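> Pasting the sequence and the predicted coordinates here, then a few questions.
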Amino acid sequence: MKKILILSLSLMLTGSVVFAVGSDEAGPKGIHDPGTGQGQEVQIEQQTQNQGEEQQVREEQQTEQQTQAQEGETFVSEALQKRAQTMNELKEMVQQKRQEMTQELQQLGKVEQQVYQNQNQSREAVHALLGMEDLAKGIGPQMSQIAEEFKNSIDTTILAEEKIQKRGAFAKFFMGGDIEAAGELKEELTQNQERIQKLILLKEDSDCDEEVKEMIQEQVEKMELEQKRLERLEEGERGNRGLFGWFKSLFNLGN
């Protein structure tokens, strides 16, 4: 009987030790462990945050795609510019373009406003030449091609003039003018002068109505005025050598 009792007590003690060891190895179950209520709340919160970030990324991508589509539509609409069929229609188109450019100025910064206001005469002239392609008998396509080239040139001269106007007073005083921007202007001015001469020859050799010829001449004069202004800007920028340039010139003269 004693042996049976001793054996029973031994088995009970052994079972208690095994249970205790197993519990220690498993470790205490924390609040963030799987299976606990608070752990599930953290997982749900993390999933919600991830979904919100994914939604934000999708919305930003959609906005960017819409912006690109609008820019593409604008490019196409400009490329497929409406051509006037009468002189009155052409004048209305030019007036509308002038109003659009005026509104455009209000959305620009101070320097950009000055630059675009300076070059709007040439932009308006290009718009008119492109719009009168069907009115200019025999020379319409050639005239439009020259106008397109002039339009691209205006984009370049605008950027060059912006560089010049944004050059700080400190840099101008010590380093002088922006020679690189002046060089870009010079190159475009040379090419534009050739384009203007081609337009004049086309007009003189064409069979266009006198009213159409007068309209072409009016646009040519606008381009020529802008050419002279840019020439003065380019010459002034090259002539501004700055303090360092003055010392360098003085040093060379001394040698």
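Looks like it arrived, so ask away. Residues are numbered from 1 along each chain as shown.

> which residue sits closest to residue 156 in space, ignoring its chain neighbours?
residue 188 (5.4 Å; C-beta to C-beta, 6 or more residues apart in numbering). (Each C-beta comes from the backbone N, C-alpha and C, glycine too.)

> Around that neighbour, count how many other residues there are.
Neighbour count for residue 188, taken as other C-beta atoms under 10 Å: 21.

> So which elements touch the helix or strand harbouring it?
In the assignment (DSSP states H and E), residue 188 maps to helix 179-205. With contacts defined as 3 or more C-beta pairs under 8 Å, 6 or more residues apart in numbering; DSSP states H and E, helix 179-205 has these neighbours: helix 140-166, helix 210-239.

> Could you export the ones you listed to CSV, including columns for mean neighbour count, mean pLDDT and distance to residue 88?
Shown next, in CSV, are the helices and strands packed on helix 179-205 (neighbours: other C-beta atoms under 10 Å; pLDDT from 0 to 100; distance: least, C-beta to C-beta, whole Å):
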stretch, mean neighbour count, mean pLDDT, distance to residue 88
helix 140-166, 18, 95, 18
helix 210-239, 16, 94, 11
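
> Assign residue 136 to helix, strand or coil.
Taking DSSP: H, G, I helix; E, B strand; the rest coil as the rule, one finds residue 136 in the coil state.

> Ok, residue 83 next?
Secondary structure state of residue 83, per three-state DSSP, is coil.

> Return the backbone torsion pair for it.
The phi/psi pair for residue 83 (degrees, to the nearest 10) reads phi -100, psi 130.

> The nearest residue to it once chain neighbours are set aside and residue 224, how far apart?
Distances taken as C-beta to C-beta, 6+ apart place residue 134 nearest to residue 83, at 4.7 Å, with adjacent residues excluded. Noted for residue 134: a distance of 25 Å to residue 224, by C-beta to C-beta, to the nearest Å.

> And for residue 130?
Taken as C-beta to C-beta, the span from residue 130 to residue 224 is 18 Å.

> ok, now residue 218?
In terms of C-beta to C-beta, residue 218 sits 11 Å off from residue 224.
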